[in-house]
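Engineer: give me a model of this one.
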Amino acid sequence: MVKDLHVHTRFSCDSDASMEEYCKSALRTGLSGIAFTEHIDFNPADEGNGFYEADRYFSCLEKMRTRYGDDLKILAGLEFSEPHVYPAQYDEISKYPYDFIIGSVHWVGDLFPSLEMRQWMPASDFFAQYWAEVQKAVAFGKFDSLGHIDFPKRYCSDVLYDTAILEQIFLEMVKNDISLEINTSSLRKGLTESMPDSSLLVLYKKCGGCRVMIGSDAHFVTDLAADYEYANRLADRFSLQKVYYENRKPILMGFRTVPGSIR
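Structural biologist: Have a look, this model is predicted:
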């Protein structure tokens with residue numbers, strides 16, 4: 001029951017891949033499902049600001065469901081950056097019939113963990129600001145899964161954190177019924193860990209976290225379901241429930257609906 005729950009197409013500003021290419025690849029490789037989770041960004045500094053068009057996205061998604069839905073579960077997703085900063089926009093876009101919404105933090109104000117930023121700001125300073133922003137996001141809640149929690153690791157090659165801050169974040173996630181994503185894109189960026197990996201999953205479990213979603217964060221068809229088995233083994237090692245969502249309801253992979261709220 002392999003489902004890739006974090007996939008980007010040409011409806012995201014940083015991908016040229018089509019939904020149909022992904023669907024055909026998923027069927028060739030035996031995937032049972034795929035979730036198209038396009039970026040929506042409102043930070044003025046982000047190149048994706050104003051790019052995403054929900055109506056065009058859903059029109060194409062329905063065509064894919066008509067063509068391939070008998071053999072492939074096709075889920076409607078969204079990756080909303082900094083939802084706590086743009087609550088009115090979040091409330092408006094979430095009126096569409098998404099199966100689930102990933103909340104992510106890419107920006108801290110006008111700072112992004114790029115090479116340029118790292119040339120003048122120590123990684124420790126950026127991480128401190130980043131964790132504060134993640135804490136605000138999960139306190140805002142309303143979304144279903146927190147994407148690539150240690151995102152700056154992809155650029156800084158390490159994850160720096162204070163245990164007390166991470167515990168506060170995880171406790172808030174449990175309180176607000178937010179699942180944790182295991183994102184494998186860092187393994188394609190030269191790192192040896194997913195986002196997150198063992199050190200943070202230990203804390204997540206300690207704080208009562210139990211649900212994870214697995215996503216490749218693919219922007220190219222060739223990356224579909226990349227390193228899924230790595231993430232799958234990681235989830236099993238910590239006895240975490242692997243879930244996906246339909247109609248904003250968490251469902252155990254291959255089993256039944258998981259008790260939880262509908263947003």
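Engineer: residues touching the nearest residue to residue 220 once chain neighbours are set aside, list them.
Structural biologist: Closest residue to residue 220 apart from its sequence neighbours, by CB to CB, 6 or more residues apart in numbering: residue 17 at 6.0 Å. No exception for glycine: its C-beta is placed from N, CA and C like everyone else's. For residue 17, the contacting residues are 8, 9, 10, 218, 219, 220, 221, by CB atoms under 8 Å, 6 or more residues apart in numbering.
Engineer: can you get me a residue count around the last one?
Structural biologist: It stands for residue 221. For residue 221, the count of nearby residues is 19 (other CB atoms under 10 Å).
Engineer: same check on the first one?
Structural biologist: Using other CB under 10 Å, the number of residues around residue 8 comes to 24.
Engineer: residues contacting the residue lying closest to it once chain neighbours are set aside?
Structural biologist: Leaving aside its sequence neighbours, residue 8 sits nearest to residue 15 (CB to CB, 6+ apart; 4.3 Å). Residues in contact with residue 15 (CB under 8 Å, 6+ apart) are 8, 9, 219, 220.
Engineer: at 7 Å instead, please
Structural biologist: 8, 9, 219 (CB atoms under 7 Å, 6 or more residues apart in numbering).
Engineer: out of those, who's nearest residue 27?
Structural biologist: Closest approach between these and residue 27, by CB to CB: residue 9, at 16.1 Å.
Engineer: rewinding a little: looking at the contacts of residue 15, spot the one nearest residue 140.
Structural biologist: Nearest to residue 140 among these: residue 8, at 23.1 Å, using CB to CB.
Engineer: dump the residue contacts of the closest one.
Structural biologist: Contacts for residue 8 (CB under 7 Å, 6+ apart) come out as 14, 15, 37, 38, 39, 218, 219.
Engineer: repeat that for residue 179.
Structural biologist: 144, 145, 211, 212, 213, 243, 250.
Engineer: could I get the residues you listed as CSV with distance to residue 66 and secondary structure?
Structural biologist: Converted to CSV, those look like this (distance: CB to CB, whole Å; DSSP: H, G, I helix; E, B strand; the rest coil):
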residue, distance to residue 66, secondary structure
144, 25, coil
145, 27, strand
211, 31, strand
212, 31, strand
213, 26, strand
243, 26, strand
250, 26, strand
